[in-house]
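Chemist: Kindly generate the corresponding structure for this input.
(chains A and B)
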Amino acid sequence: MWKFDESVFQKNLGEFGKGSLMESLARPDRDRERWEVMSSREGSPTLLWDNASLHSRYDPVSEGVRWAEAAVLASSDDLRGYLVMGLGLGYHVMALLEKTTQPVAVFEPHPDILRASFRLMPWHRHAGRLTFLTDPSDSKRLPAGYQVLTHVPSEKVRPDSYRSLRRTYEGGESPSSYSLRILVVSPVSGGSYPIARSVQRSLLRMGHRASLFDGAVFEEALRAIGVQTRIDLHRAQLRGLFQGFLSEMILARIMSEKPDLVIGLAQSPLSPELLEKLAGMGIPVAYWFVEDFRLATYWERIAPLVTSFAVIQKDEWIPRLEGRGLSNVTYLPTGADSDIFTPQMSGDTESDRFSAPVSFLGAGYYNRQHFLKHFVDMGLSIWGADWDPSDPLFRYVREEGRRLSPEDAAKVYRQSEINLNLHSSVYHRGVNPDGDFVNPRTFEIAACAGFQLVDRRTLLPELFITGEEIVLFEDERSCRKLVSHYRTHEGERRAIALAGNKRVLRDHTIDCRMERWLSVLFDQGFAPKRPLFPGRQKVDDLVSEASGDPALSDFFDRYRCFGTVDLEDLERGIRPQESPISDTEASVLLLREFVREVGA
Amino acid sequence: MARKCLVIQEARFGDLIQSKPLIEDLSMGGQCRRVLLVRPRVAEAARAMNLGEEVLVWPPFGNPDSALSPVERISQGRDFVAKLRGEGFERVVVLNHHGTGITLARLLGIPHFGFDRVFDKGNGEIDPLAEWPGYLVASSRGIRPLNRIHLSDIWRGFGENGRRTEKGPDDAGKSAQLNPRGPIVVVLGGRSPYRRWDREPLLKLVRALRKIDGGPVFLSGGPEDAVLGEHLARECGEGVVNTAGQTGYSELEGLLASAGAVVSPDTASLHLAASLGVPTLGLFFASALPFETGAYRSGALSLVSSMECYPCAGEGSSCSHRTCRDDPDPTIVAEIVSRIKRGASGRDLVMQLWGRLTGSELWEAEWTGSGLLQKVLSPRLLTKERVVSRLLRRFSWRYLAGSSDLLPLETEISWEGTDITPEPECLPGFSRISLPWSLWFTRLEQGISLYARLREQDLRQLERKRLVDRLATDFPMLWPVLHHLEWVEGGRGPLDRLMAAAVPLALEASEAARLVDRSRGRISLEMERAHVEV
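Modeler: A predicted model of the protein is given here:
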């Protein structure tokens, strides 16, 4: 009875394939490797996404009927239709259409799933009262009063889109409706410093007004404290005073900028005292703890004081935090800054300086010193700081052991044949067998389309497909074998590197992380001050909204070449020296002043 | 047809009341129709107070809490501008240093008084301000503790041509009306936690009022004070009525008008009570200053902190102890209030409370030809800074108002304090670090003369700046003048008025030097006369 049929697809396409839906349906499958169709025990097909079934593996038809019955039963009398979030293959929607005469709108953001369903289900029979939405903003076209129903298994495929739809239709808040004022607080130095910079850049790209408290300018001062005295007590006192000074400076910056949100990176000078003060002032703080919680234990004082505490470990870690009554914890792996870590080679003029047959980039941790000795005969070069000059391995350290800038690091990743990526450990002599989190370098090498061999981490398989997008080693021996193999198989190297690159760009950039984090924050109830003119607006939308008012729509029409505008764009477009200021222009200038007044 | 004037007042209720003298000036004997533009939160009060012939309210397009879409906001703002442009205003007066009012006034394209630009644009760029708006910014940013010109008088300077009329406002010059049978109103509120009393002293005050005065006590305040008011009324029992959070403007006005006396921190209720002619006692601690925002009526009393750190540099946020509110004892406050209700003058009170008024000073407002001034009634040390505050006031008044209707210098200085601080001792082995008073004022005299001469010369910008910096270094006592005329006005103020004010300042600095040298104890015959009267 149930079969995939091209003629059904064509009939569905004929009825529903218009506009953006047509574009979605016409594209080839994007994530073919992530899903498969299998037969349920009852014989009808079911869809597996990342090995999780979107429908019952036993009887999806009956399951759909039960779902629809429950939905109709729970409906209010005055509803004007149903908005079903998630299509899957569509059993539940088909059952709903049979049980109601109300209009039904179905949101399915993933084109692969939409196409599969269009081949299976005769949706064309319900044309007229059935509509399909692929973008959350499409829901603005729906009248109010639709009951929102969720197909829970589908939501896991693209949770952000579902959240966004819910907010758009139900009138909630979402990051995309705001241009938030965000202050990013960087540490003075260390591995999370470049992440702070990347976070700021990413937020700017997303249209937020992000600024950076740049702790690096105090690095010399902090170092100077260390050389003044050998008495530990004095050093600790001086560092405490310095920490207090930095806290006051951050507070002054916060009071001056009045950010909607403060983002702190691990090791940033946000002291517990300052966090308490900010909590008292009602200023939300999101903290990204990009450290190993087993080694850096200051999380215990920070986590309870912030609005959102994002971590890069989860299996052991999140239950532990939740066990302390914290509900603000989010798993947020690190990612790659796509501005810096790109496959683009045009700026790489010093190919000899930053390339090697086998490269390693990172600080000279204990396990690396032991591990890398096994590769000195394979063309190894090392870049990074904190390597022991008295160690024979130091002769393989390049650039005199200085810490490379992210831009130079990207050159190494791009230009080396094989990038070894060994997560640091101060306890093991090689690979940490219990290692869980994934370091930023994993994403950065992949973002550069570099080929890497990385030590096994428990959280890696959910981020990359092993063997297709990334290659793992277990120990020195397996790593040597892999190096030997891939040095002579350039085609395999390239294919894996490209697949890894594609994956990073899709799922693991810092932009992806920030989008996710802000969504989580909004879900947790974070609400910035309501902006008078929220972020950038599509000029078409403004013109359309003002359509009954010729003067106003003409005014917006002047900005059509911009595509989107914010209030500053509108203000800049007003030129009093060229013509008298119209009433509409005057209104924009006044609105701009109100925005300045409230700082939103 | 009457001329039409738009007055843009965007501040809070208390400031709205303090702009009343200016709004009355602008009537010009009924020839001018005054249209007041206010923010929604004070619209009801502005209308009820009959401030102007018409009250307009900013529509919600600029309100962040409004649910309007961007297009709706712009549309609504557009209609608002069109309406105002069509009103045929002859001029506009902007009272606040707010971008919104300033921008609107510019957009109307009519003669414009008061604030005509924003002083600092937030990017480090400074746009100098002149006249009374310049003084208001100078006094609020830097020389605030030295300012002795009341906000209402500064705003009166915003009138036509920026020069004030000589006529004093009717209300301010009159003494309060007595109503010994009226209740005492205790205002619980205050702009910030630093400017209001805590629960315990309030409880003590209300109990003492009930005991000493015997009449009913009404507690007043906003919705945020309702719980506190309930608590106090419950604790104090019969005769204490809580109205906090229960009064709109007209109820509040009715309550205050019926009161025998009002005791309040620096709040709108204090100003309203004073404008209604009710005897008032203002409580000024933290950053509130009676010179700036005391009740605007002759005879109004203010209890002011005498702590060395008063007034706070900011709103008191860096203060860990907030002890300026601990003195005087609430029982003393109750005594003062119950006596002013029965017509006791400030001077009587000082005599009756002699030795018991600790930690605070009692000040009394007095209307003069150069605005409302405060005179201290309780013993107060006269410091160089306090003398300078009066010299600066007189200089600024001459410079900005062009008026010479000032009290004798000796009188005005005596209103600032009586006892002179001793010269600093010179410890063995150390050179004297402070100048003697007489030399200090002589240097002020020299400094202002040199500055006036500098301004007369047509110097290049850099050269002038170098010389001004040099003056500021060599004549530190001149800094309040330089702060106003150079930092805020950008050295662009009118030279003729500078000369007309600088010459008397030089003379008065010299006179001040003579006065303080004449006696290390009491400074003047004026004070002796006052004591003889007592």
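Chemist: what does the stretch 301-450 of chain A put close to chain B?
Modeler: Where proximity means Cβ under 8 Å from any Cβ of the partner chain, the stretch 301-450 of chain A presents no interface facing chain B. Every C-beta, even on glycine, is put in place using the N, C-alpha and C of the backbone.
Chemist: For the stretch 301-450 of chain A, which segments count as strands?
Modeler: A:308-311, A:329-331, A:358-361, A:380-383, A:418-421 (DSSP state E, counting those that start in this stretch).
Chemist: Which of these sits closest to A:Phe533?
Modeler: Proximity of these to A:Phe533 was assessed by Cβ to Cβ; the nearest stretch is strand A:308-311, lying at 26.2 Å.
Chemist: hang on, the earlier thing: compare the mean pLDDT across the strands of the stretch 301-450 of chain A and name the weakest.
Modeler: Of all these, the minimum mean pLDDT falls on strand A:329-331 (a mean of 91).
Chemist: Report all helices and strands that that one contacts.
Modeler: strand A:308-311, helix A:317-323 (3 or more Cβ pairs under 8 Å, 6 or more residues apart in numbering or on different chains; DSSP states H and E).
Chemist: List of residues touching it?
Modeler: A:303, A:308-314, A:318, A:321-322, A:517, A:520 (Cβ atoms under 8 Å, 6 or more residues apart in numbering or on different chains).
Chemist: which of the helices and strands packed on strand A:329-331 sits most buried?
Modeler: Of all these, strand A:308-311 has the most neighbours on average by mean count of other Cβ atoms under 10 Å in any protein chain shown, namely a mean of 23.
Chemist: What pairs with it, parallel or antiparallel?
Modeler: Note on strand A:308-311: by DSSP bridges, its sheet partners are strand A:285-289 (parallel), strand A:329-331 (parallel).
Chemist: What residues does the stretch 51-200 of chain B have near chain A?
Modeler: So the stretch 51-200 of chain B meets chain A at B:61-65, B:69-71, B:73-82, B:85, B:98-100, B:102-104, B:107, B:122 (Cβ under 8 Å from any Cβ).
Chemist: returning to that earlier point: tell me which of the helices and strands packed on strand A:329-331 lies nearest to A:Asp541.
Modeler: Between A:Asp541 and those, the tightest spacing by Cβ to Cβ is seen for strand A:308-311, at 30.7 Å.
Chemist: So for B:Asp266, which of the strands of the stretch 301-450 of chain A sits nearest?
Modeler: B:Asp266 lies closest, by Cβ to Cβ, to one member of these: strand A:308-311, at 40.4 Å.
Chemist: still on that earlier bit, farthest pair within the contacts of strand A:329-331?
Modeler: Farthest-apart pair in these is A:Glu322 and A:Trp517; separation 18.0 Å (Cβ to Cβ).
Chemist: just to revisit the earlier point, please convert the strands of the stretch 301-450 of chain A to JSON lines, extending it with distance to B:Pro21.
Modeler: JSON lines is the format used below for these (distance: least, Cβ to Cβ, whole Å):
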{"stretch": "strand A:308-311", "distance to B:Pro21": "52"}
{"stretch": "strand A:329-331", "distance to B:Pro21": "58"}
{"stretch": "strand A:358-361", "distance to B:Pro21": "73"}
{"stretch": "strand A:380-383", "distance to B:Pro21": "74"}
{"stretch": "strand A:418-421", "distance to B:Pro21": "76"}
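Chemist: A:Glu42: which of the ones you listed is closest?
Modeler: Nearest to A:Glu42 among these is strand A:329-331; the distance by Cβ to Cβ comes to 36.2 Å.
Chemist: tell me which residues of that closest one are tucked away?
Modeler: Neighbour-count burial for strand A:329-331 flags A:Val329, A:Thr330, A:Tyr331 (criterion: 16 or more other Cβ atoms under 10 Å in any protein chain shown).
Chemist: now do stretch A:39-49
Modeler: Those would be A:Ser40, A:Ser44, A:Pro45, A:Thr46, A:Leu47, A:Trp49, for stretch A:39-49 by 16+ other Cβ under 10 Å.
Chemist: Which of these fall within strands?
Modeler: Mapping the buried residues of stretch A:39-49 onto strands (DSSP state E) picks out A:Pro45, A:Thr46, A:Leu47, A:Trp49.
Chemist: can you pull the contacts of the third one?
Modeler: Meaning A:Leu47. A:Trp35, A:Glu36, A:Val37, A:Ser53, A:Leu54, A:His55, A:Gly88, A:Leu89, A:Ile113, A:Ala116.
Chemist: do the same with the last one
Modeler: Going by Cβ under 8 Å, 6+ apart, A:Trp49 touches A:Arg34, A:Trp35, A:Ile113, A:Lys156, A:Val157.
Chemist: ok, of the residues you listed, which one's closest to chain B?
Modeler: Nearest to chain B out of the contacts of A:Trp49 is A:Val157 (Cβ to the nearest Cβ; 32.2 Å).
Chemist: what about the stretch 151-300 of chain A, any weak spots by pLDDT?
Modeler: A:156, A:159-160, A:163-164, A:167-168, A:170-179 (pLDDT under 70).
Chemist: all helices in it, in order from the N-terminus.
Modeler: For the stretch 151-300 of chain A, the helices defined by DSSP state H, counting those that start in this stretch cover A:152-155, A:159-170, A:192-205, A:219-228, A:232-257, A:272-281, A:299-302.
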